[in-house]
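>>> Structure here, sequence nowhere to be found:
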């Protein structure tokens with residue numbers, strides 16, 4: 001079938017979900033209709049899957065144009081939307097903003113689902129800005145406490161900086177090529193010889209537009225303060241919004257090649273990896289652990305973009321998005337047991353083993369991870385992007401083996417865990433091969449930036465040095481030094497006054513008091529709540 005037919009059907013299905021959200025906003029529609037509305041996202045998901053596998057050629061309809069990268073993210077976002085919408089049906093039941101929440105969530109997800117099929121710079125800026133405003137609204141829609149209000153303002157202002165940088169990128173690109181079409185503009189840039197000052201401005205603005213939504217330093221505060229957001233909103237944030245920076249760089253990869261900008265992106269990414277990993281290691285708050293992990297993972301994704309491995313970065317952000325959204329949607333299971341029992345049990349695990357046994361399990365996990373990294377490089381080729389991916393996979397496998405050796409007490413359980421680990425690794429390899437094949441002609445993944453080998457060596461040196469330095473610090477450094485490092489990392493993950501938002505005036509405001517007069521929506525919920533459940 002023609003690609004135009006699939007594109008029209010896909011856009012129409014997204015419009016259907018938006019109309020359904022508007023319909024649900026009226027009080028005449030019963031609350032039980034929400035199940036129908038949530039399942040409507042299955043339609044664009046199926047269309048996107050079929051389009052990715054069967055659509056022939058390219059289609060241009062208005063500001064939209066089909067491409068492999070756009071369809072891959074259409075599949076990804078619509079599946080995420082289907083899961084989050086269905087999860088929210090019961091999670092937010094009872095909220096006074098129940099209907100408004102679903103309308104806002106649907107519009108945000110619709111914008112994200114079609115954003116990367118846009119081929120017009122103006123529509124890209126409008127969609128990006130609408131998604132930012134919608135996310136800020138979602139953060140405070142179901143929670144009007146002071147923390148939620150501060151987080152909403154922080155998100156709006158910080159991501160607004162990124163949106164302003166993207167607007168400047170669009171204006172500069174239009175002034176240089178005299179067109180709003182992305183494909184035509186990239187073709188014009190490939191034949192033009194731009195002055196160094198123009199390239200300096202363009203690439204700098206593009207880096208700023210990318211690192212702001214990815215929560216990289218110095219823009220990571222908005223994500224750290226978003227812990228007050230509802231769990232479904234956090235899932236959308238960590239699986240949809242933080243990826244926008246990497247997707248933007250992949251989409252603009254034909255024009256992003258300045259050496260200084262690449263090294264700037266590399267430096268910011270490495271710094272953010274260290275900061276995010278440190279926050280994830282020391283915080284007891286489960287959500288803050290996930291936030292620190294997201295900052296580190298997005299830093300690694302931008303590091304892959306810095307060396308020119310855009311396909312590897314896309315695979316990374318898709319797999320990370322599904323993984324992190326699952327963790328957020330299951331975050332409630334982290335508090336099912338009393339903290340005292342959980343903490344005492346966690347401290348007891350691994351402490352009753354002799355030091356020689358612990359050393360043996362540590363050696364086994366390190367060797368196992370290193371062996372898998374070597375096998376991965378041997379199968380995929382000795383390139384800078386493959387070495388980085390192999391390093392991350394080796395670390396992940398080593399951590400999994402360490403957990404198996406430490407937690408599992410019985411041999412049968414260890415064998416089952418090892419089998420599951422091997423199955424997950426096999427699935428990962430299949431997914432990577434499949435996505436790489438889909439993006440082979442859609443992303444410039446084979447042209448590495450100059451200095452990629454040096455960046456890879458520097459990053460591996462920093463990673464190995466930090467790991468061994470931390471181990472030596474814990475074993476030989478005075479207790480006060482380790483305590484100060486620990487408290488500093490905890491402080492980095494705590495909410496603080498932003499340099500962008502005036503929180504002092506906000507802190508002086510009293511906590512908002514709920515209204516004593518029940519709304520029509522709450523009265524309706526009391527009558528029809530059993531229909532939803």
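Arrived safely, thanks for sending. Please read these numbers as outputs of a predicted model, since none were measured by experiment.

>>> Tell me which helix or strand comes right after the lengthiest helix in the chain.
The longest helix of the chain (DSSP state H) is helix 146-177. Next along the chain after helix 146-177, taking DSSP states H and E as the criterion, comes helix 182-191.

>>> So which elements touch the helix or strand that comes right after that next one?
Going down the chain from helix 182-191, the next helix or strand is helix 196-211, by DSSP H and E. For helix 196-211, the packing partners by 3 or more Cβ pairs under 8 Å, 6 or more residues apart in numbering; DSSP states H and E come out as helix 146-177, helix 244-251, helix 259-282, helix 286-307. Using the backbone N, CA and C atoms, a C-beta is placed for each residue, glycine as well.

>>> where in the stretch 301-450 of the chain is pLDDT low?
Under the criterion pLDDT under 70, the flagged ranges of the stretch 301-450 of the chain are 332-362, 380-386, 405-410, 433-434, 436-450.

>>> Give me the distance from the strand or helix carrying residue 104 to the chain's centre.
For residue 104, the host element (DSSP H and E) is helix 98-115. Distance of helix 98-115 from the chain centroid (Cα atoms, centre = their mean, to the nearest Å) equals 17 Å.

>>> Which neighbouring elements make contact with it?
helix 3-24, helix 34-39, helix 68-91, helix 121-141, helix 231-236, helix 520-532.

>>> Quick one: closest of the ones you listed to residue 481.
With Cβ to Cβ, the closest approach to residue 481 among these belongs to helix 231-236: 34.3 Å.

>>> so how far is that closest one from its chain's centroid?
11 Å.

>>> Distance of residue 50 relative to residue 9?
Distance, residue 50 to residue 9, using Cβ to Cβ, to the nearest Å: 9 Å.

>>> One more: residue 291?
If you go by Cβ to Cβ, the gap between residue 291 and residue 9 works out to 37 Å.

>>> Among those two, which residue is more densely surrounded?
Counted by other Cβ atoms under 10 Å, residue 291 and residue 9 do not tie: residue 291 has more neighbours, with 29 against 18.

>>> Could you measure from the more buried one over to residue 275?
11 Å.

>>> List the contacts of residue 75.
Shown in contact with residue 75 (Cβ atoms under 8 Å, 6 or more residues apart in numbering): 45, 48, 49, 52.

>>> With adjacent residues omitted, what lies nearest to the first one?
Leaving aside its sequence neighbours, residue 45 sits nearest to residue 78 (Cβ to Cβ, 6 or more residues apart in numbering; 3.9 Å).

>>> Quick one: residues contacting that neighbour.
For residue 78, the contact set (Cβ under 8 Å, 6+ apart) comprises 41, 44, 45, 48, 113.

>>> The same query, at a cut-off of 10 Å, please.
10, 13-14, 17, 41-49, 109-110, 112-114 (Cβ atoms under 10 Å, 6 or more residues apart in numbering).

>>> residues contacting residue 263?
Residue 263 neighbours (Cβ under 10 Å, 6+ apart): 306, 449, 451, 454, 455.

>>> between these, which is nearest residue 287?
Taking these together and measuring to residue 287 by Cβ to Cβ, the closest member is residue 306, at 28.6 Å.

>>> Against residue 283, how distant is the closest one?
From residue 306 to residue 283 the distance is 27 Å (Cβ to Cβ).

>>> Quick check on those two: which one has the bigger neighbour count.
Neighbours around residue 306 and residue 283, counted as other Cβ under 10 Å, are more numerous at residue 306. The numbers are 27 against 19.

>>> Can you tell me how far that one is from residue 161?
21 Å.

>>> Check residue 210 too.
Taken as Cβ to Cβ, the span from residue 210 to residue 161 is 12 Å.

>>> what do you get for residue 7?
32 Å.

>>> Kindly report the same for residue 67.
Taken as Cβ to Cβ, the span from residue 67 to residue 161 is 28 Å.

>>> quick one: which of these two has more around it?
With neighbours defined as other Cβ under 10 Å, residue 67 and residue 161 compare such that residue 67 has more, 20 against 16.

>>> how far away is the more buried one from residue 116?
With distances taken as Cβ to Cβ, residue 67 is found 8 Å from residue 116.

>>> where do the contact lists of the two overlap?
The overlap between the contact sets of residue 67 and residue 116 (Cβ under 10 Å, 6+ apart) consists of residue 251.

>>> Do a quick rundown of the strands in the stretch 351-500 of the chain.
Applying DSSP state E, counting those that start in this stretch to the stretch 351-500 of the chain gives no strands.

>>> where do the helices sit along it?
Here the stretch 351-500 of the chain has its helices, by DSSP state H, counting those that start in this stretch, at 355-380, 384-407, 411-438, 452-476, 479-493.

>>> Can you tell me which of the ones you listed is nearest to residue 256?
helix 452-476 (13.8 Å).

>>> Tell me how far that closest one lies from the chain's centre.
The chain centroid and the centroid of helix 452-476 are separated by 25 Å, computed with Cα atoms, centre = their mean.

>>> same question, stretch 27-39
So, by Cα atoms, centre = their mean, the centroid of stretch 27-39 is 29 Å from its chain's centroid.

>>> I'd like the mean pLDDT over that stretch, please.
Stretch 27-39 carries an average pLDDT of 88.

>>> Tell me which residues of it come out buried.
29, 31, 34, 37, 38 (16 or more other Cβ atoms under 10 Å).

>>> Next one: the third one from residue 67, what distance?
Distance check for residue 34 against residue 67: by Cβ to Cβ, it reads 34 Å.

>>> One more: the fourth one?
Counting by Cβ to Cβ, the gap from residue 37 to residue 67 is 30 Å.

>>> Just list the residues touching residue 206, thanks.
Here residue 206 is in contact with 165-166, 168-169, 172-173, 245, 248-249, 252, 255-256, 258, 261, 265 (Cβ under 10 Å, 6+ apart).

>>> can you pull the pLDDT of the residue nearest to residue 220 when sequence neighbours are not counted?
In this structure, residue 220 finds its nearest non-sequential neighbour in residue 295, 5.5 Å apart by Cβ to Cβ, 6+ apart. pLDDT, residue 295: 90.

>>> what does residue 12 give?
For residue 12, the predicted pLDDT is 93.

>>> Contacts only, for it.
With Cβ under 10 Å, 6+ apart, residue 12 has these contacts: 43, 44, 47.

>>> which SS state does residue 27 fall under?
coil (DSSP: H, G, I helix; E, B strand; the rest coil).

>>> hang on, it packs against residue 98?
No. Residue 27 is beyond contact range of residue 98, at 11.2 Å (criterion: Cβ atoms under 10 Å).

>>> What are the buried residues along stretch 313-329?
Neighbour-count burial for stretch 313-329 [16+ other Cβ under 10 Å]: 313-318, 320-322, 324-325, 327-329.

>>> mind giving me CSV with those and columns for secondary structure and distance to residue 494?
Formatted as CSV, the buried residues of stretch 313-329 follow (DSSP: H, G, I helix; E, B strand; the rest coil; distance: Cβ to Cβ, whole Å):
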residue, secondary structure, distance to residue 494
313, helix, 30
314, helix, 33
315, helix, 33
316, helix, 28
317, helix, 27
318, helix, 31
320, helix, 24
321, helix, 26
322, helix, 28
324, helix, 21
325, helix, 24
327, helix, 21
328, helix, 20
329, helix, 24
